[in-house]
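A.B. asks: Predicted model, plus sequence, below.
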Amino acid sequence: MSVPVKCLWCDKEAVNLCDAAIGGKAAAGMNGKWVYEMAIFTCDAPMCSEHTTVKGHICGKGGCDFIEWCPYCVENEAKFQPMFEHEAETVRRARHAEVRRSMLRVSVRVNADNTTAEQRGD
């Protein structure tokens, strides 16, 4: 039995992974310029339905699916750029770590406020 993945923004169970494109697979092109292959790297941040923003949908032979973005990608839409798989993984880890750090700051602020209120006897 696998452990459910938690949303990056709360403790709820993740039901989606972020579909925001962070780059495309790089391949050498003509004249020494980079070109994109069809492979697209996505953010893949785990998120609950509450922290999911539907940006559109895509349909094909297998049916239709939603394009869902996480709060980070909604606020920080990045320029699409060519990259290799290891670079895409580095970008994903950096984004997810930034979200975790921001959530820690919120948690510390809330805890500090609660501690202050208790010390005041409120």
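C.D. replies: Arrived safely. Predicted model only: the values in this text are computed from it and were never measured.
A.B. asks: Now do the same contact list for residue 57.
C.D. replies: If you count contacts by CB atoms under 8 Å, 6 or more residues apart in numbering, residue 57 has them with 64-67. Glycine gets a C-beta too; all of them are placed from N, C-alpha and C.
A.B. asks: so which of these would you say is closest to residue 22?
C.D. replies: Using CB to CB, residue 67 is the member of the contacts of residue 57 that lies nearest residue 22, at 13.8 Å.
A.B. asks: Quick check: bridge partners of the closest one?
C.D. replies: Note on residue 67: beta-bridge partners by DSSP bridges are residue 56.
A.B. asks: Let me see the mean pLDDT of whatever helix or strand residue 41 lives in.
C.D. replies: Assigned by DSSP states H and E, residue 41 belongs to strand 34-42. Mean pLDDT, computed over strand 34-42, is 70.
A.B. asks: what's downstream of it, the next helix or strand?
C.D. replies: Using DSSP H and E, the next helix or strand after strand 34-42 towards the C-terminus is strand 46-47.
A.B. asks: Which strands border that next one, and is each parallel or antiparallel?
C.D. replies: Strand pairing (DSSP bridges) places strand 46-47 next to strand 16-17 (antiparallel).
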